[in-house]
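J.: could you work out the structure for the sequence below:
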Amino acid sequence: METLEVRTHEREEMVNVTSQVRQLVRRNNWQTGAVLLYCPHTTGAVTINEGADPDVVRDITVNMRKLVPYRGDYRHAEGNSDAHIKSSMFGCDQLVIVENGDLQLGTWQKIYFCEFDGPRSRKLWVKWLPSK
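T.: Residues are numbered from 1 along each chain as shown. Here you go, the predicted structure:
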């Protein structure tokens, strides 16, 4: 297993980690299989979405704030219940196919680490799953 370090700068932020994952695949000479991307944080997530137009990330972030507001009918004492809910909605993992040593993503797709309780130093675990 490999670990990517992700530094976030905002309370809610989507960090494009595609190039770091791609570099990891190439550095390890992983050819055919898949990489499992796993976020070990209860207030973070990992997702795949459009990376060509930055307004998509902005729209996701802004509208998640509307769907699950920072202040709401929450009882969790730490004051970050919204972050836990958003993390559960997005999910903690993604599986990406690797073929011929490269990530198999759609034309506009990028991999994002989703921060919902930052800024923080985060980890993204990457596990190589070779084809048999």
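
J.: just checking, residue 103 touches residue 34?
T.: No: counting by C-beta atoms under 8 Å, residue 103 does not reach residue 34; the two are 9.6 Å apart. For glycine as for every other residue, the C-beta is placed from the backbone atoms N, C-alpha and C.

J.: okay, these two: which has more neighbours?
T.: Neighbours were counted for residue 103 and for residue 34 using other C-beta atoms under 10 Å; residue 103 has more, 21 against 18.

J.: ok, that one - contacts?
T.: 18, 21, 22, 25, 35, 96, 97, 111 (C-beta atoms under 8 Å, 6 or more residues apart in numbering).

J.: got the contact list for stretch 67-85?
T.: Contacts for stretch 67-85 (C-beta under 8 Å, 6+ apart): 11, 42, 43, 86, 89, 116, 117.

J.: the residue nearest to residue 26 when sequence neighbours are not counted and residue 15, how far apart?
T.: Once flanking residues are discounted, residue 26 sits nearest to residue 101: 6.3 Å by C-beta to C-beta, 6 or more residues apart in numbering. Separation of residue 101 from residue 15 (C-beta to C-beta, to the nearest Å): 24 Å.

J.: out of the contacts of residue 103, who's nearest residue 130?
T.: The nearest member of the contacts of residue 103 to residue 130, counting by C-beta to C-beta, is residue 35 at 10.3 Å.

J.: average pLDDT for the strand or helix carrying that closest one?
T.: Per DSSP states H and E, residue 35 falls inside strand 33-38. Averaged across strand 33-38, pLDDT comes to 98.
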